[in-house]
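Participant: Next input, structure requested:
(2 chains)
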Amino acid sequence: AQSVTQLDSHVSVSEGTPVLLRCNYSSSYSPSLFWYVQHPNKGLQLLLKYTSAATLVKGINGFEAEFKKSETSFHLTKPSAHMSDAAEYFCVVSKTGTASKLTFGTGTRLQVTL
Amino acid sequence: DVKVTQSSRYLVKRTGEKVFLECVQDMDHENMFWYRQDPGLGLRLIYFSYDVKMKEKGDIPEGYSVSREKKERFSLILESASTNQTSMYLCASSLMGVSDTQYFGPGTRLTVL
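Facilitator: The predicted structure is shown next:
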C-alpha cells in the first residue's frame, strides 16, 4: 500500500521569498515520486519526478525536491517565489518500475503576495 | 508536445441522464486514465486502461464505466448521473507503466442537477 500526505493545505509567501511545500510518503516498495502543479482552470503539469536516481531532483520553473528516505519526505522548494507560481501543487507516489496506480496527495494551494 | 484533449470544459446534466466524457491523446500512449478531482480530496482514480479494450478499476469505479475501442480514445460513461457525481473529471495518458509520467487534459467540470 502507498499513501502521501501533504502537510499544508494552504501556504502563503511573499514574492521573492523561499517556497517550501511539504510532502511525506508511505510505500511498501521503492517509490517513484512526483510533483504536479495545477494553475487555475488548467490541467495538471509535471514539475519534477524522482525515480531512484539522484536524490535531489530539479524541475521546471526553478523548483526542486529532495528525496529523503530516512524521513520518508519529498519536499518541494524554490528559492524565490514569483507571482506566477500561485497554483495548487500535488505530491504523488507510485511504485517504481511496475504497472501501479498513482496516489495523489490532497494538494497544497500556494498563494504569492506582493 | 503531448496533447490530451477532453470533449467539453463544462457540462451540465440532469439526474438520471447517461453522460459520456471523451478523451483523446495524440502521442500513441498505451495507458489512459480517468480521475475525478474534488476539493480537499486530491485526485482519485476511477478507471484506467493499458491497451485497447482493456480496462481496470481504480479506487472509485462505482457508478462509472469506460470504453476504449481505439488506442487514442478513452471514454468515461456515467450510466445514470447522480448529484454526487458533480465534479471535475481529468483524463491522462502515459507511455509505459503507470509509474511513468502522466500527461493530463484540461478537465471537464460536470454539474449534475
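Participant: Beta-bridge partners for the residue nearest the centre of chain B, please?
Facilitator: In chain B, the centroid-proximal residue (CA atoms, centre = their mean) is residue B:34; its distance is 2.8 Å. Residue B:34 forms beta bridges with residue B:47, residue B:91, as assigned by DSSP bridges.
Participant: Could you do residue A:76 as well?
Facilitator: Under the criterion used (DSSP bridges), residue A:76 bridges to residue A:21, residue A:65.
Participant: ok, back up a step: these two touch, right, the residue nearest to the centre of chain B and residue B:74?
Facilitator: Yes. Residue B:34 is within contact range of residue B:74, at 6.9 Å (criterion: CB atoms under 8 Å). In this view, the C-beta of every residue, glycine as well, is placed from N, C-alpha and C.
Participant: list residues touching both of those two?
Facilitator: B:23, B:66, B:91 (CB atoms under 8 Å, 6 or more residues apart in numbering or on different chains).
Participant: between those residues, which is nearest chain A?
Facilitator: Closest approach between the shared contacts of residue B:34 and residue B:74 and chain A, by CB to the nearest CB: residue B:91, at 8.8 Å.
Participant: Verify the stated contact: that closest one with residue B:102.
Facilitator: No. Judged on CB under 8 Å, residue B:91 makes no contact with residue B:102 at a distance of 9.8 Å.
Participant: Show the pLDDT at the residue sitting nearest the centre point of chain A.
Facilitator: By CA atoms, centre = their mean, chain A has its centre lying nearest to residue A:35, at 3.4 Å. Per-residue pLDDT puts residue A:35 at 96.
Participant: So it: helix, strand or coil?
Facilitator: strand (DSSP: H, G, I helix; E, B strand; the rest coil).
Participant: swap in the one 10 residues further on?
Facilitator: For residue A:45, the secondary-structure state derived from three-state DSSP is strand.
Participant: Identify the bridge partners of it.
Facilitator: Beta bridges link residue A:45 to residue A:37 when assigned by DSSP bridges.
Participant: thinking it is in contact with residue A:38, fair?
Facilitator: Yes. Counting by CB under 8 Å, residue A:38 is a contact partner of residue A:45 at 7.3 Å.
Participant: ok, residue A:89 to residue A:78 distance?
Facilitator: The spacing between residue A:89 and residue A:78, counted by CB to CB, to the nearest Å, is 11 Å.
Participant: for chain B, what spans make up the strands?
Facilitator: Applying DSSP state E to chain B gives strands spanning B:4-6, B:10-13, B:19-25, B:31-38, B:42-51, B:54-57, B:65-70, B:73-78, B:87-94, B:103-104, B:108-112.
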